[in-house]
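**Q** using only what follows, build the 3D model:
(2 chains)
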2 protein chains.
Amino acid sequence: MSKKESSILQILNIYHTSVFTKNADAFLALYDQNVQVFDMWGAWSYRGIEAWRGAIADWFEKLGSERVVVDFDDVQTMETPDVAVIHTFVTYKALSAQGVELRSMSNRMTLALQKSDGIWKIIHEHTSAPINHETLKATLKR
Amino acid sequence: MSKKESSILQILNIYHTSVFTKNADAFLALYDQNVQVFDMWGAWSYRGIEAWRGAIADWFEKLGSERVVVDFDDVQTMETPDVAVIHTFVTYKALSAQGVELRSMSNRMTLALQKSDGIWKIIHEHTSAPINHETLKATLKR
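**A** Here you go, the predicted structure:
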């Protein structure tokens, strides 16, 4: 693997670390300029890196002194030279500044990746939790 | 295009028609045996065609004499020789046996496709609607 190449699973490592450190620039560098995100919360879609940057800035700002530990479980991948797909379960665990667990939530995540100059970028992301048929509420624990 | 080849957008046409006619066999023929579905409703995941077959049988049975018209809006595709990704907004409109619209709901949908013997099959599907942060309820109208 040349220095210019990145493996698709590096995406998940950088996702984990950049969320934990609330480093928006490192986080957003995972995404293609033309990314379209179907995020679990609020909006039907974020189109383009600038729209997504706004959502991430909000997220990190609202955390205040809290930190978030992201874990991936049951990661499935499909990879071809130029396009790859990852789907996985994700747990987001919020910790207080003292490291005490405050809350935890699971998601399903699908990532579509595209290689650009030897580097994988997320061109599409879809996160969600299943909806209860009677209450229409999201189930946040897997 | 040889007779054995199929285009990725044919998947959406067959999805539409097989839901409208409640033809579970035609619908399930769109999917790979090893499909993993992150469906909007109820379960975190359906793994394998038999689990998915059960969910589809339930859906079509619960419809009774109703029919469902599926429309796709803002379809985005990424295609390589062996792997493709489609993401789109979907509207499911339920009609009475007399053709009167009873209800309508929007979803986001991501499909990962894999070519097998020249035929595209869905190897992963993810459907959802965004969740309201305060109520934790799904937003069903786009």
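
**Q** where do the strands of chain A begin and end?
**A** A:31-38, A:46-47, A:67-79, A:83-95, A:101-116, A:119-128 (DSSP state E).

**Q** what's the helix ranked longest in chain A packed up against?
**A** Assignment by DSSP state H gives helix A:49-62 as the longest helix of chain A. On a contact count with 3 or more Cβ pairs under 8 Å, 6 or more residues apart in numbering or on different chains; DSSP states H and E, helix A:49-62 meets helix A:24-28, strand A:31-38. Yep, even glycine has a C-beta here, placed from its N, CA and C like the rest.

**Q** any idea of the angle it forms with strand A:67-79?
**A** Helix A:49-62 and strand A:67-79 are oriented at 150 degrees to each other (axes from the mean of the first three to the mean of the last three Cα atoms, to 10 degrees).

**Q** which residues does helix A:49-62 contact?
**A** Applying Cβ atoms under 8 Å, 6 or more residues apart in numbering or on different chains, the contact partners of helix A:49-62 are A:22, A:24, A:27-28, A:31-35, A:37, A:39, A:43, A:46.

**Q** average pLDDT for that helix?
**A** Average pLDDT, helix A:49-62: 98.

**Q** CA atoms only: put that helix into PDB for me.
**A** Provided in PDB are the C-alpha atoms of helix A:49-62 (Å, rounded to 0.1, in the frame of the first residue of the first chain):
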ATOM      1  CA  ILE A  49     -19.900  19.500   2.600                       C
ATOM      2  CA  GLU A  50     -21.000  23.000   3.700                       C
ATOM      3  CA  ALA A  51     -24.400  21.900   4.800                       C
ATOM      4  CA  TRP A  52     -22.900  18.900   6.600                       C
ATOM      5  CA  ARG A  53     -20.200  21.100   8.200                       C
ATOM      6  CA  GLY A  54     -23.000  23.200   9.800                       C
ATOM      7  CA  ALA A  55     -24.700  20.100  11.300                       C
ATOM      8  CA  ILE A  56     -21.300  18.800  12.700                       C
ATOM      9  CA  ALA A  57     -20.500  22.200  14.200                       C
ATOM     10  CA  ASP A  58     -23.900  22.200  15.900                       C
ATOM     11  CA  TRP A  59     -23.300  18.600  17.200                       C
ATOM     12  CA  PHE A  60     -19.800  19.300  18.600                       C
ATOM     13  CA  GLU A  61     -20.900  22.700  20.100                       C
ATOM     14  CA  LYS A  62     -23.900  21.200  21.900                       C
END
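
**Q** and the angle from that helix to strand A:31-38?
**A** Going by the same axes, to 10 degrees, helix A:49-62 makes 80 degrees with strand A:31-38.

**Q** look through chain A and state the residue closest to chain B.
**A** Nearest residue of chain A to chain B, counting by Cβ to the nearest Cβ: A:Ser128, 3.2 Å away.

**Q** and the residue nearest to that residue when sequence neighbours are not counted, what pLDDT?
**A** Spatially, and ignoring its direct neighbours in sequence, A:Ser128 is nearest to B:Ser128 (3.2 Å; Cβ to Cβ, 6 or more residues apart in numbering or on different chains). pLDDT recorded at B:Ser128 is 98.

**Q** shaky segments in chain A?
**A** Counting by pLDDT under 70, the ranges of chain A that qualify are A:1-6.

**Q** follow-up on the earlier one: show me which of the contacts of helix A:49-62 are buried.
**A** The neighbour count (16 or more other Cβ atoms under 10 Å in any protein chain shown) marks A:22, A:24, A:27-28, A:31-32, A:35, A:37, A:39, A:46 as buried among those.

**Q** reformat the helices and strands packed on helix A:49-62 as a markdown table; add distance to chain B.
**A** Below are the helices and strands packed on helix A:49-62 laid out as a markdown table (distance: least, Cβ to the nearest Cβ, whole Å):
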| stretch | distance to chain B |
| --- | --- |
| helix A:24-28 | 20 |
| strand A:31-38 | 4 |
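
**Q** out of those, which is closest to B:Thr77?
**A** Across those, B:Thr77 has its closest neighbour in strand A:31-38 (11.9 Å, Cβ to Cβ).

**Q** the closest one pairs with which strands?
**A** strand A:46-47 (antiparallel), strand A:119-128 (parallel) (DSSP bridges).

**Q** run through who's touching it.
**A** Here strand A:31-38 makes contact (Cβ under 8 Å, 6+ apart) with A:44-49, A:52, A:55, A:114, A:116, A:121-128, B:76, B:87, B:108, B:110, B:128, B:130.
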